[in-house]
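> Predicted coordinates and the sequence they were generated for:
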Amino acid sequence: MVSTSPPTDADALAFEAYDLDAMAAKKKAPQPEPESFGRRLARIRKEAGYSQRSLAAEIRVSYRVIAYYEAQTAHPPTHLLPAIADALSLSVDQLLGRAPVSKRKAPQNERLIRQLRQVEKLPARARQSVIEHIEGLVAKYGSR
């Protein structure tokens, strides 16, 4: 049988206590720990197909620098952020976790990709010569 009497002060207090308990439980729900810079750098580096040594060579630092920033510190190396982001084909915001990074398939031939990045840095005439050589090899051997 349902009571038709108006709510009492005790009913109101019980409802408020229940409501506060429910709100507190929602607030106390464990939040996932944000990914540290080092973990993010290691994950993105691996997804891009780089070893610590190859990324270090690309940005012209010791591999120990990369290892240090991946494992020992939560503070990103501000002087290296642009170079690391460029090597990984990301923005600095993506590298810092401020913008999402889309999943990428790692290159199949890491050495070839590194060499092509070096070719991009050559003077225009040298780049053109390399491109013509590659085109000649592809034409000769094609996709067998």
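In hand now; what should we look at? Model, not experiment: these values are computed from the prediction.

> The strand or helix carrying residue 138: how far from the chain's middle?
Assessed by DSSP states H and E, residue 138 sits inside helix 124-141. Put simply, helix 124-141 sits 33 Å off its chain's centre (Cα atoms, centre = their mean, to the nearest Å).

> Give the buried residues for it.
residue 130 (16 or more other Cβ atoms under 10 Å). Yep, even glycine has a C-beta here, placed from its N, CA and C like the rest.

> List of residues touching that helix?
119-120, 122 (Cβ atoms under 8 Å, 6 or more residues apart in numbering).

> Same check on stretch 66-81?
Under the contact criterion Cβ under 8 Å, 6+ apart, stretch 66-81 has outside partners 36-39, 41-42, 45, 52, 55-56, 59, 61, 65, 84, 92, 95-96.

> In ChimeraX, how would I pick out whichever of those are buried, leaving the exposed ones unselected?
Here is the ChimeraX command that picks out the buried ones among those, judged by 16+ other Cβ under 10 Å:
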select :36,37,38,41,42,45,52,55,56,59,61,84,95
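
> so where's this protein uncertain?
For the chain, the stretches flagged by pLDDT under 70 are 1-31, 104-108, 143-144.

> Swap in 80 and give it another go.
Scanning the chain for pLDDT under 80 picks out the ranges 1-34, 72-75, 101-111, 113-114, 142-144.

> Please enumerate the helices of the chain.
9-27, 37-47, 52-59, 63-71, 81-87, 92-96, 110-120, 124-141 (DSSP state H).

> Of the ones you listed, which is nearest residue 103?
Of all the helices of the chain, helix 37-47 sits nearest to residue 103, with 7.0 Å by Cβ to Cβ.

> hmm, back to that, dump the contacts of helix 124-141 to a markdown table, plus distance to residue 110 and neighbour count.
As requested, the contacts of helix 124-141 are exported to a markdown table (distance: Cβ to Cβ, whole Å; neighbours: other Cβ atoms under 10 Å):
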| residue | distance to residue 110 | neighbour count |
| --- | --- | --- |
| 119 | 15 | 14 |
| 120 | 16 | 8 |
| 122 | 20 | 12 |
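
> Count residues in the vicinity of residue 76, would you?
By other Cβ atoms under 10 Å, the residues close to residue 76 number 19.

> repeat for the one 5 residues further on
A count of neighbours around residue 81, defined by other Cβ under 10 Å, yields 14.

> All set, thanks.
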